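Trainee: Quick one: sequence plus predicted model below, questions after.
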Amino acid sequence: MPIWLEGYQDICNELELLSIYERDLRKRVEMARAVVFSGEMQSDAHYVHIPLDKSLELYNITVDKCNEVVDRVNELSSIKVQMEKAVGGFTGNVYKMAYMRVIEGLSIDEISDRLHLSHSYVSKSLSKNKIKKCKKYARNAS
């Protein structure tokens, strides 16, 4: 597998995990915000009073974490786009096939049609270089 492809897949995996974490943090921010305004937090079947300073501290910590994750997601998204542009400029059939397979998410038939190559040549080349279609990485699957 080409080194750049490993890096690209790592970035995509990290983006996926951070996006899940970001959604969770956004829910936590909303819960912390509700605590700030109500002064209460549900604990089992009872409500517990939370002092304003403690609820604001909880809210600020959660917002800061969320902002850090959002910044990292934006940074990784930018790197991913830059990599896609750079890989798109590669010449040579193997690089073109890898780009179409991984980043565009095309099937072997679609790649062979676009590049005017035989299905078996495309299939063998992708197999030999351990390049697989993976929808979670494909640009059009997002």
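Mentor: That came through, no problem.
Trainee: per-residue pLDDT, the spatially most central residue of the chain?
Mentor: Central residue of the chain (C-alpha atoms, centre = their mean): Leu15, 2.7 Å from the mean position. At Leu15, the model reports a pLDDT of 93.
Trainee: need the contact list for it.
Mentor: Val73, Leu76, Ser77, Lys80 (C-beta atoms under 8 Å, 6 or more residues apart in numbering). C-beta here means a position set from N, CA and C on the backbone, and glycine is covered the same way.
Trainee: Using just helix, strand and coil, how would you label it?
Mentor: With DSSP: H, G, I helix; E, B strand; the rest coil as the basis, the three-state label of Leu15 is helix.
Trainee: Please report the distance of it from Ser78.
Mentor: Leu15 is 11 Å from Ser78, where distance means C-beta to C-beta, to the nearest Å.
Trainee: All the helices of the protein, in order from the start?
Mentor: Residue ranges of the helices in the chain, as given by DSSP state H, are 3-38, 52-88, 93-98, 108-115, 119-128.
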